[in-house]
Each structure stands twice: as C-alpha cells, then as structure tokens.
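Colleague: here you go, sequence then predicted model.
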Amino acid sequence: MANEYRVEMKNIVKRFGGVLALNDVSLRVRPGEVHALVGENGAGKSTLMKILSGAFPRDEGTIFIDGKEEKISSPREAKDLGVATIYQEFMLAPHLTVAENIFIDRLSDKNRFINWKDLNRKAEEILKQLGFEEINARATVESLSVAYQQVVEICKNLTRNARILVLDEPTAVLTFSEIEKLFLLIEKLKKDGVSIIYISHRLEEIFQICDRITVLKDGTFVKEVGTEEMDKNQLVNLMVGRDMSTLFPPREAKIGETVLEVKNLNRGKQVQNVSFAVRAGEVLGISGLVGAGRTETMRLIFGADRKESGEIVFMGESVNFKSPKQAVRRGLGLLPEDRKQQGVLLEQSIRINTTLSSLKKIIRLLGVISEKKDKELTKDVLEQLATKYNSMEDHTSSLSGGNQQKVALAKWLVADCKCIILDEPTRGVDVGAKVEIYKNINDLAEQGVAIVMISSEMTEIIGMCDRALIMRQGKIVGELDKSELGEDKLIRYSMGVNVHEE
C-alpha cells in the first residue's frame, strides 16, 4: 500500500543563534494535493520550506518523503528527491536568455556542444504548454517584465520533473489573467500526482485552489484543516490571533480640492494620452494588467522618467519634475513596485531608510542631524506600522520581505507629502500587516493627503478606493466610482471586453 503522505515533516525545530525560529512544527502533504502553508510574516513558513529544500539544516525533527526518512543536507539532495522550490526572489541569470535559464544545468548533451536550435525549440514548447507562448525564448531575462521573469522561474523548476513543488507567493507579480493560467497549470500538475505546497497571503487564492491548510504563528504549529471546513474570517483569526471581521477598515475622509492633475501625458506606446485627477483625502485606484502602463505613468509624474508631452499640475501649479528629488521637495512621494531595487537601501540601517525622505525634520543648526530626534521619529512610525525588527541600526536586508515593505512605506509616512503614489503597497505582505497598511492609508487620507494606489488585487481596489481608473495598453479605458466597483467590470475593462456585455 502506497504511503498516505508524500511529505511528512515532524516536530521540526530550528534556531538561529538565540532565536527560536521554529518550535515543534509539523507538516503533512498528500500526493496530488495543493496544501496551503499560511501565517503572518515571520511565522516560519519560509524557514520550514528552506529546511525541506536543503537550504537550512534542521536542529531537531524528522522528514519523510513517500514514507522514507531522509536527511536532506543540501539543495542538490532535495532536488534529487524531487523537491523544487520557487522563492519570492528569483534565482535567474538576467543576462542569459529565457531558454538558457530554463535549461541552465542541462545546456548540452554528452557531446559537450550546445544545440541552440533544439534548446530554443524545447523552451518554446514548455512556454506554450504553460500558456505563455508570447514570451520569446531567445530574449534575455532582464528584458522581460517582472511577471514574465516569474514565469521563467516556474518553467525552470517544472522541467526537473519535481514530485514536490513549493510555490512561495507565486502570484505576487502576476495579474489575474496570468494567475488563471498558473492555476490551470497547478490543476494539471495536481492530476499528475505532484504535491504542491502553496504559500500565499491572498486568501481568495487559498480557498480557490487549495485542498488543505496548515497554519503557523510565531514559529509554532497552530492547526491543519480542510479548506472546506472554514471561511476567510476564521482563517485570519487563526493566523493573527485576534478577531478581524473585516479586512478593509472604515475611512472618514473629506474629499477636498484637486491636488494632482495629469493632462494628456505621453511616452511612446507605454503611456498614451493619459489624463486624470486626484483630490485631497481621496484614494484613487489604478487597475489593469501587468504591462498596461500603470507604473510607467507614475514614473513620468514623479520625474523618474521623462515625458514626451502632456502637462502635470501639482497643488494648482504646472510642474515638470526633472528628478524624483524635485518631486519629493514639492511634497509628492512614490512607493515603488520593486522595493528591493527602488524602495529601500538594503545595506543601510532601518533608521536611515525611514527618515531619508524627511531629513529637514531631524536636522539642527549647521546641518547637523539630531540623533535623538532621528531615533524618536523612526521608533514612532515603525510602531505605527507594527514593524517587527531587532534594532533600528540593523541593515534593512535583515528584515522579512513584509517588514521591508513597511520600512519603505514608513519613509513616506513621515515626509509630510501632499500626494503619495503607492505602487502595489501590500505585495508580499501578510493579512495582519495589510490591515495595518490600510489603516495608515486611511489615516493619510483623513489628514487630507491625496492617494494614488496601483494594485493588481481587485479586492484591494474594491475595498480601499473611492474611485478607480483602469488602464490597458498604455491608455485609460475606464473609470468606476465606488458604487460601481466590482470584479466583473474591472476584468472586462482590463481585457478589452465591452463592460456592458452580459
């Protein structure tokens, strides 16, 4: 009789110095099952998976693969056992082509010569099988969008005939149409008997595709439960340890005068004749597919890229920011989509990152920084965001992804901006942290700050925004008021389907 479980991790303990990262944690996954592993940032999900993948040694506990105890002392050993892990941070060679990345460890046959035609053909077949035939197998990975880089990462792992596939936030950079393709692939793999461990902060995904759920909290095992046995609120309560009846907190902001107005903004095909306005106290959502021009539009406004034509009016005055520095000085902030490359300085302290955009608040006479004021300001805003950190002098790289995002946001919370552009503000952030960020967005709006929020999560657009614009192929193709916001209309506009069709 075949073993009931493909993977069994029993009583796993892991310490980092004096910190107990995992304490008596267990996980069981059946063949052909999609098993969700959930918990707040810092709950121990990634640490547990790094032990399964051989990246970290365990201090105590046992691991069984198909009923046989395995030591798994290295990533190579894990791969040989059929364990493939796709982390949030890509493991790609950006200067190599898509095909080269997919077959990075199998570029040639025994004759040592690379058959480039055959290599590219195989890569094209795999991409087509996944539903992403539009990706050029001969293109360099660095030339692809973040979403397509994620697809290449998935392809690379799936070609190794994995029996156990760990997906760590796989949809964080994908739009809903791309997510649908991924889910179809997951369903196919499931039918083929592949065991999938699925880590995600998007609850709707968990309830859509997962069979069972294991909940971790603060490095400990909380519960294993069938997806059909609970609802979202019950799951959130298990994850955060407190009642959370609603994900989106109420807001009582008064909508004021126009703060930012964009008129006929253009830059190539990415941004075509874009016009909109956002008012004080308003949260304006920007929805659309990856590549629709959302981020490109905001970079033009912020002075990170140069516009070809069009007018930007900020606080009633026509402006032409030639750099982000000019925009920040005038009171415009931007939380970028890619926090590691653009949002924070990873090798600088948490304190420096937090007050970097508001030095005028902490500088005394003769340009000397007040260390006391600097630390007080940092401590207050990080507490406001419920940020988990050891010392504010630690490098920002020492934080979890979600807490790095909080530091990136904290920088703008203390900068006294009149308008803040938030590009995917909750990407890779757990449910509890999302609520903290939503509360801070509401606080800013209630203080009269104008908010522009780009999000690929339709529930976030619907739950947080007073109004939403939908972009497609560089153009604004629709506008919906709060009362009109719904997933059906957002999808139709984004995909170019007549919104009035039934």
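Modeller: Yep, it's here. Numbering: from 1, shown residues only.
Colleague: which other helices and strands contact the helix or strand where residue 239 lies?
Modeller: Assessed by DSSP states H and E, residue 239 sits inside helix 232-240. The elements that helix 232-240 packs onto, with contact taken as 3 or more CB pairs under 8 Å, 6 or more residues apart in numbering; DSSP states H and E, are helix 203-209, strand 212-217, strand 220-226, helix 431-446. No exception for glycine: its C-beta is placed from N, CA and C like everyone else's.
Colleague: mind checking which of those is nearest residue 182?
Modeller: Smallest distance to residue 182 across these (CB to CB): 9.3 Å, for helix 203-209.
Colleague: quick one: buried residues of the closest one?
Modeller: Using 16 or more other CB atoms under 10 Å as the test for burial, helix 203-209 gives 203, 205, 206, 207, 209.
Colleague: just to revisit the earlier point, gap between the helix holding residue 239 and the chain center?
Modeller: Computed by CA atoms, centre = their mean, to the nearest Å, the chain-centroid distance of helix 232-240 equals 20 Å.
Colleague: tilt between that helix and helix 431-446?
Modeller: Helix 232-240 and helix 431-446 are oriented at 100 degrees to each other (axes from the mean of the first three to the mean of the last three CA atoms, to 10 degrees).
Colleague: so for stretch 328-339, mean pLDDT?
Modeller: Per-region confidence: stretch 328-339 scores 85 on mean pLDDT.
Colleague: what's next to that stretch, contact-wise?
Modeller: Applying CB atoms under 8 Å, 6 or more residues apart in numbering, the contact partners of stretch 328-339 are 146, 260, 295, 298-299, 301-302, 304, 314-315, 319, 321, 324, 327, 342-343, 357, 401, 404-405, 408-409, 411-412, 415-425, 427, 454.
Colleague: go with 6 Å
Modeller: Stretch 328-339 has contacts (CB atoms under 6 Å, 6 or more residues apart in numbering) with 295, 302, 342-343, 357, 404-405, 408-409, 412, 415, 417-425.
Colleague: columns pLDDT and distance to residue 229 on top of the buried residues of helix 203-209, output as JSON lines?
Modeller: Shown next, in JSON lines, are the buried residues of helix 203-209 (pLDDT from 0 to 100; distance: CB to CB, whole Å):
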{"residue": "203", "pLDDT": "83", "distance to residue 229": "15"}
{"residue": "205", "pLDDT": "89", "distance to residue 229": "18"}
{"residue": "206", "pLDDT": "92", "distance to residue 229": "13"}
{"residue": "207", "pLDDT": "93", "distance to residue 229": "11"}
{"residue": "209", "pLDDT": "95", "distance to residue 229": "16"}
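Colleague: as JSON lines, those with distance to residue 117 would be great.
Modeller: Shown next, in JSON lines, are the buried residues of helix 203-209 (distance: CB to CB, whole Å):
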{"residue": "203", "distance to residue 117": "45"}
{"residue": "205", "distance to residue 117": "38"}
{"residue": "206", "distance to residue 117": "42"}
{"residue": "207", "distance to residue 117": "45"}
{"residue": "209", "distance to residue 117": "37"}
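Colleague: what's the closest of those residues to residue 34?
Modeller: Set against residue 34, the nearest of the buried residues of helix 203-209 by CB to CB is residue 209 (5.4 Å).
Colleague: I figured that closest one hits residue 34, correct?
Modeller: Yes. With contact defined as CB atoms under 6 Å, residue 209 and residue 34 form a contacting pair (5.4 Å).
Colleague: of the helices and strands packed on helix 232-240, which is nearest residue 54?
Modeller: Nearest to residue 54 among these is strand 212-217; the distance by CB to CB comes to 19.9 Å.
Colleague: what about residue 390, neighbour count?
Modeller: Residue neighbour count, defined by other CB atoms under 10 Å, stands at 10 for residue 390.
Colleague: let me redo that: residue 78
Modeller: Counted with other CB under 10 Å, residue 78 comes out at 24.
Colleague: residues contacting it?
Modeller: Taking CB under 6 Å, 6+ apart, we find residue 78 in contact with 53, 54, 72.
Colleague: can I get those residues in TSV with distance to residue 279, neighbour count and pLDDT?
Modeller: Shown next, in TSV, are the contacts of residue 78 (distance: CB to CB, whole Å; neighbours: other CB atoms under 10 Å; pLDDT from 0 to 100):
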residue	distance to residue 279	neighbour count	pLDDT
53	49	21	94
54	53	21	94
72	56	20	93
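Colleague: what's the closest of these to residue 463?
Modeller: residue 53 (34.6 Å).
Colleague: tell me how far the closest one lies from residue 34.
Modeller: Applying CB to CB, to the nearest Å, the value for residue 53 to residue 34 is 18 Å.
Colleague: wait, is residue 148 part of a helix?
Modeller: Yes. Under DSSP: H, G, I helix; E, B strand; the rest coil, residue 148 sits within a helix.
Colleague: skipping its backbone neighbours, what lies nearest it in space?
Modeller: Nearest non-adjacent residue to residue 148, counting by CB to CB, 6 or more residues apart in numbering: residue 135, 5.5 Å away.
Colleague: likewise residue 427?
Modeller: Nearest to residue 427 is residue 172, by CB to CB, 6+ apart, at 5.3 Å.
Colleague: that concludes my questions; thank you for your assistance.
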